[in-house]
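Colleague: this one's structure only:
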């Protein structure tokens, strides 16, 4: 994965649209407060509804940027504590963000620990990516309130995959939790044959083992961990299989009956340009992401001190790395796709919607600055989280 460079483009674009100090200074008043998420009432007209939707979306973007930064910085701070990094070494330099200082220092420490491992040897890491769910109803309700041309419910499509409980026939994948008979992918304990890679303990025959005796290959027996491909037997956890028919769990794909499905991907509402930009952004910024499943296997080292540091790294990564990855993937999977269009819409609205009044124009101008700051914060958080990921994935260099 690469850093969220698109956010830098957004920041530059937003800065070009910033209103210079002038008559609008202070005119917004209590009409918009991104930190509290409050937006004033600017009237019932077309322009007023668009302004309110854009301001609500700006507040949602701000809240998302704060949450992402807190997750990334919190994960890095926790790892720093576990790795014995003094708190004063996490303090940001002048003009540096706290998340950048903390995570960069942690990345450096991880580099040092990984370098102590034998040349070419890396930690055994298996990651099932985070799943981010967007509530399409948020976008639909927003569009119906914003776009005066819409009567009833707005049409919203899912750019990704719909999933939910299906009372009819499911065409796609069915995920069932519990202690269930499974012919599919098992996230948990597979009692049977794991035809893919078993990450964990294999009670039976394993085709490949790591230096600590953990299975990292095909397991013919019981795999206690995760089975990356096909588990034939009993799965204690979540069994995901492809089917067309009745699904007693979570259906991902299509359902023959009416269903209240969520979207794993991003929302795309059918509305005018300003309302579409605002409502897509609001829905995507409110996406709920489950943490990824991360399995990390340590490397056995003969040097006791080096082994202790590697083991400390493995323990803190198991505890904190999923949180960092979830924040990273939340931005990349749901927030980033709608940012370019939203930044353009807010910047354009600072002039095109001025007929809503001086206060409305001033609040939109304030929102431009909010979007600029939020985009920069998101870019910084994702960039340093990827820096940590790169360090975790590196190979040792000790001869």
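Modeller: Ah, there it is. Worth saying up front: this structure is predicted, and the values here are computed from it rather than measured. Residues are numbered from 1 along each chain as shown.

Colleague: please count neighbours and contacts with C-alpha atoms only from this point.
Modeller: Noted.

Colleague: show me where the stretch 51-200 of the chain has strands.
Modeller: Ranges of strands in the stretch 51-200 of the chain, per DSSP state E, counting those that start in this stretch, are 124-128, 131-134, 156-165, 169-194, 198-206.

Colleague: which of those sits closest to residue 269?
Modeller: Of all those, strand 156-165 sits nearest to residue 269, with 4.2 Å by C-alpha to C-alpha.

Colleague: do a quick rundown of the strands in the stretch 201-350 of the chain.
Modeller: 219-246, 250-255, 262-269, 288-290, 293-297.

Colleague: how about the strands of the stretch 51-200 of the chain, which one is nearest residue 289?
Modeller: strand 131-134 (4.0 Å).

Colleague: quick one on the thing from earlier: winner for burial among the strands of the stretch 51-200 of the chain?
Modeller: Across these, averaging neighbours per residue (mean count of other C-alpha atoms under 10 Å) puts strand 131-134 on top, at a mean of 24.

Colleague: other residues contacting that one?
Modeller: 262-267, 283-284, 286-292, 330, 333-334 (C-alpha atoms under 8 Å, 6 or more residues apart in numbering).

Colleague: contacts only, for the most centrally placed residue in the chain.
Modeller: For the chain, the residue nearest the mean C-alpha position is residue 330 (1.4 Å; C-alpha atoms, centre = their mean). Taking C-alpha under 8 Å, 6+ apart as the criterion, residue 330 is in contact with 130, 132, 287, 289.

Colleague: from those, which is closest to residue 203?
Modeller: Using C-alpha to C-alpha, the contacts of residue 330 come closest to residue 203 at residue 130, 28.6 Å.

Colleague: in contact with the spatially closest residue to residue 215 that is not a sequence neighbour, which residues?
Modeller: Distances taken as C-alpha to C-alpha, 6 or more residues apart in numbering place residue 209 nearest to residue 215, at 4.6 Å, with adjacent residues excluded. The contact partners of residue 209, by C-alpha under 8 Å, 6+ apart, come to 215, 216, 217.

Colleague: most neighbours, which of those?
Modeller: When neighbours are taken as other C-alpha atoms under 10 Å, the top entry among the contacts of residue 209 is residue 215 (25 neighbours).

Colleague: what sits against it?
Modeller: Per C-alpha under 8 Å, 6+ apart, neighbours of residue 215: 198, 199, 200, 201, 202, 206, 207, 208, 209.

Colleague: model confidence score at the third one, please.
Modeller: So that's residue 200. Turning to residue 200, the model gives it a pLDDT of 77.

Colleague: quick check: bridge partners of the residue nearest to it when sequence neighbours are not counted?
Modeller: With sequence-adjacent residues excluded and distances taken as C-alpha to C-alpha, 6+ apart, residue 200 is closest to residue 225, at 4.5 Å. Going by DSSP bridges, residue 225 is paired in beta bridges with residue 188, residue 200.

Colleague: ok, now how distant is residue 225 from residue 187?
Modeller: For residue 225, the distance to residue 187 equals 7 Å [C-alpha to C-alpha, to the nearest Å].

Colleague: try residue 67
Modeller: From residue 67 to residue 187 the distance is 28 Å (C-alpha to C-alpha).

Colleague: let me know how buried the residue nearest to residue 186 when sequence neighbours are not counted is, in neighbour terms.
Modeller: Using C-alpha to C-alpha, 6+ apart and skipping the chain neighbours, the partner closest in space to residue 186 is residue 239 (4.6 Å). Residue 239 has 28 neighbouring residues, counting by other C-alpha under 10 Å.

Colleague: residues touching residue 239, list them.
Modeller: Contacts of residue 239 by C-alpha under 8 Å, 6+ apart are 174, 175, 176, 177, 180, 182, 183, 184, 185, 186, 187.

Colleague: quick check: the gap between the spatially closest residue to the fourth one that is not a sequence neighbour and residue 204.
Modeller: With sequence-adjacent residues excluded and distances taken as C-alpha to C-alpha, 6+ apart, residue 177 is closest to residue 238, at 4.3 Å. Here the criterion is C-alpha to C-alpha. By it, residue 238 lies 22 Å from residue 204.

Colleague: I'd like the contacts of residue 209 laid out as CSV, including distance to residue 159 and pLDDT.
Modeller: Listed next are those as CSV, based on distance: C-alpha to C-alpha, whole Å; pLDDT from 0 to 100:
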residue, distance to residue 159, pLDDT
215, 37, 82
216, 35, 78
217, 35, 79
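
Colleague: that older thread, let me know the closest of the contacts of residue 239 to residue 103.
Modeller: residue 187 (29.7 Å).

Colleague: from residue 315, how far off is the closest one?
Modeller: For residue 187 relative to residue 315 (C-alpha to C-alpha), the value is 20 Å.

Colleague: likewise for residue 63?
Modeller: Distance from residue 63 to residue 315, by C-alpha to C-alpha: 31 Å.

Colleague: repeat that for residue 181.
Modeller: 32 Å.

Colleague: what do you get for residue 160?
Modeller: 34 Å.

Colleague: could you list the low-pLDDT ranges of this protein?
Modeller: 1-25, 211-212, 228-229, 258-260, 399 (pLDDT under 70).

Colleague: okay, now the domains of it?
Modeller: 5-126+301-392, 169-255 (automatic domain parsing).
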